[in-house]
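1. Here is my input, please return the structure:
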Amino acid sequence: MKPVIISGIQTTGRMHIGNYLGAIKNFLDLQESGDYNCYFFAADLHSLNEEYVTAEKADQVLDLAATFLASGLNPKKSTLFIQSHVPAHTELGWIFDCITPLGELERMTQFKDKSAARGASNAGLFTYPVLMAADILLYDATLVPVGDDQDQHLELTRTIARKFNGRFGQTFIEPKAKHTAIPRLMSLDNPLKKMSKSLPGGCLFMDDAPEVIEKKVMTAVTDSGREVKYDPEGKPGVSNLLMIESALSGASIEALVAKYAGKNYGEFKKGVAQVITEHFAPFREAKMKLLKNPKKIMSIFEAGTKKASKVADAKLAEVNKKIGLI
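-> From the prediction side, this is the model:
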């Protein structure tokens, strides 16, 4: 049998190109390799621990579902589903809450960082890694595609699996991380900060219109020099644009530096904007078409949810029997 891979993305709004390169593009590569049994889901439950507008949540779920499909994730090749539509996730999450030591959660650095940034916290943010463990372990996933920032959470997943197995008998596989090289894209209007939805002026969204992309790129912060070269410390803005074009085009940084040798920043930026626009043109067209028929989108994810639920429910039944529930 093929090894199982699972990953989700929070439904917090439109995806930017950093999300694409860090997650969705990787999902596509894993799917098309044919080497894995892939599960990809819209993590709407995880998204609830951040401030949001209630009336917008359903649209955010639909938008991410459309983004998955327009990007090329194929329901015939991957199981695509919505987290909250599979109740086994929260049921297993509660069971794991009951065996997870408080100290394990208190040492999670993301909880500390996000709590400090918000100036407040909630229980959902605190127990986020436990629900994440349930997301993974329900499907007997052996590999989880993550960036380095999720290593601590995945290690907790392994700890929970080990603790459960030790107490109730062998039940869960301890998954391993499948690390990917994720380019750290910076904000166009502040290349010293990571590209983020919270800085929309410097954020390139996957479905931005061509004229929006051009405007954002042409007004991107560079420096007072004229030379196009890769120097993250001395030329962070120029380096960031080079990294974006390299990641989307597949050309090396060295090849791009040679391409723009002798050209001014205006010509350089026009070239970068063109690459971005052309790369996402098929995606934009496909997404617009999909969103005209939301029922079709949801029917695809409902079918995926049935497939995921069958697997998740069977695992939860096994768990309930082992822990003494009837």
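2. Now do the residue lying closest to Lys25 once chain neighbours are set aside, the pLDDT please.
-> Distances taken as C-beta to C-beta, 6 or more residues apart in numbering put Ser71 closest to Lys25, at 8.0 Å, once the chain neighbours are dropped. C-beta: built from backbone N, CA, C; applies to glycine. Confidence at Ser71, expressed as pLDDT, is 97.
3. Tell me how many other residues crowd Ser71.
-> 19 (other C-beta atoms under 10 Å).
4. From Asp63, how far out is it?
-> Using C-beta to C-beta, to the nearest Å, Ser71 is found at 12 Å from Asp63.
5. can you give me the helices for the stretch 101-250 of the chain?
-> 102-106, 109-118, 123-137, 151-168, 210-218, 236-249 (DSSP state H, counting those that start in this stretch).
6. can you tell me which of those helices comes nearest to Leu290?
-> In terms of C-beta to C-beta, the element of these nearest to Leu290 is helix 210-218, at 19.2 Å.
7. Okay, buried residues for that closest one please.
-> By 16 or more other C-beta atoms under 10 Å, the buried positions in helix 210-218 come out as Ile213, Glu214, Lys216, Val217.
8. what's the angle between that helix and helix 236-249?
-> On the basis of axes from the mean of the first three to the mean of the last three C-alpha atoms, to 10 degrees, helix 210-218 is oriented at 140 degrees to helix 236-249.
9. Below-threshold pLDDT in the stretch 101-250 of the chain: ranges please.
-> Along the stretch 101-250 of the chain, segments meeting pLDDT under 70 span 116, 119-120.
10. how about the strands in this protein?
-> Along the chain, counting by DSSP state E, strands occupy 4-10, 37-43, 78-82, 143-146, 176-179.
11. Show me what the first one packs onto, helices and strands only.
-> I take that to be strand 4-10. Under the contact criterion of 3 or more C-beta pairs under 8 Å, 6 or more residues apart in numbering; DSSP states H and E, strand 4-10 touches strand 37-43, helix 123-137, strand 143-146.
12. can you list contacts of it?
-> Contact with strand 4-10 is made by 15, 19, 23-24, 27, 30, 36-44, 46-47, 64, 83, 135-136, 139-146, 178, as judged by C-beta atoms under 8 Å, 6 or more residues apart in numbering.
13. and the gap between the nearest residue in space to Arg167 that is not next to it in sequence and Thr11?
-> Closest residue to Arg167 apart from its sequence neighbours, by C-beta to C-beta, 6+ apart: Ile99 at 6.9 Å. Distance of Ile99 to Thr11, given as C-beta to C-beta: 28 Å.
14. neighbour-wise, which of those two wins?
-> Neighbours around Ile99 and Thr11, counted as other C-beta under 10 Å, are more numerous at Thr11. The numbers are 27 against 14.
15. Tell me the one among the buried residues of helix 210-218 nearest to Ser115.
-> For the buried residues of helix 210-218, the closest approach to Ser115 (C-beta to C-beta) belongs to Lys216, at 31.7 Å.
16. Can you show me the CA trace of stretch 291-309 as PDB?
-> Provided in PDB are the C-alpha atoms of stretch 291-309 (Å, rounded to 0.1, in the frame of the first residue of the first chain):
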ATOM      1  CA  LEU A 291     -17.000  30.000  -8.100                       C
ATOM      2  CA  LYS A 292     -19.800  30.500 -10.500                       C
ATOM      3  CA  ASN A 293     -21.000  27.100  -9.500                       C
ATOM      4  CA  PRO A 294     -20.500  26.700  -5.700                       C
ATOM      5  CA  LYS A 295     -22.800  23.700  -5.500                       C
ATOM      6  CA  LYS A 296     -20.400  21.800  -7.800                       C
ATOM      7  CA  ILE A 297     -17.400  22.700  -5.500                       C
ATOM      8  CA  MET A 298     -19.200  21.500  -2.400                       C
ATOM      9  CA  SER A 299     -20.400  18.300  -4.100                       C
ATOM     10  CA  ILE A 300     -16.800  17.500  -4.800                       C
ATOM     11  CA  PHE A 301     -15.800  18.100  -1.200                       C
ATOM     12  CA  GLU A 302     -18.800  16.200   0.100                       C
ATOM     13  CA  ALA A 303     -17.700  13.200  -1.900                       C
ATOM     14  CA  GLY A 304     -14.200  13.600  -0.400                       C
ATOM     15  CA  THR A 305     -15.600  14.000   3.100                       C
ATOM     16  CA  LYS A 306     -17.500  10.700   2.700                       C
ATOM     17  CA  LYS A 307     -14.200   8.900   1.800                       C
ATOM     18  CA  ALA A 308     -12.300  10.600   4.700                       C
ATOM     19  CA  SER A 309     -15.100   9.900   7.200                       C
END
